[in-house]
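Undergrad: can't give you the sequence, but here's the structure:
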């Protein structure tokens, strides 16, 4: 299973990524779903700024299957829902990384990959 994590650009300017990475490596919070998966790889850890279409292309070429939107994305991004919808065209989308499954400001989005 190949995973990508997308964080909020503004938050990335002051965050080390510890919460997301800790949850990933310890199979907790949103990553608990993979606790019985033997072969799991973190293939992308990036922010939502810049050329998102290029980032999507790179994740596709690297075999990413699931993209987790960070908890800071859910709480701080104005384009959280739109980005989840765009990503779901190519990946399964999990709408948080660590902490509570439900958000304080936004409900957590979880989308299966769209099939055409």
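TA: Happy to help now that I have it. From a predicted model like this one, the values you see are computed outputs, not experimental measurements.

Undergrad: for the residue nearest the centre of the chain, grab phi and psi.
TA: Note on the chain: the residue nearest the mean C-alpha position is residue 68, at 1.8 Å, using CA atoms, centre = their mean. Per-residue torsions, residue 68: phi -100, psi 120 (degrees, to the nearest 10).

Undergrad: per-residue pLDDT, residue 9?
TA: Note on residue 9: pLDDT of 89.

Undergrad: with residue 49 instead?
TA: 91.

Undergrad: now do the SS call for residue 57.
TA: Three-state call for residue 57 (DSSP: H, G, I helix; E, B strand; the rest coil): helix.

Undergrad: can you map out the strands along this structure?
TA: 2-7, 41-47, 66-69, 92-94, 110-111 (DSSP state E).

Undergrad: just those: most buried one?
TA: Counting by mean count of other CB atoms under 10 Å, strand 66-69 has the highest mean neighbour count of the strands of the chain, with a mean of 26. C-beta here means a position set from N, CA and C on the backbone, and glycine is covered the same way.
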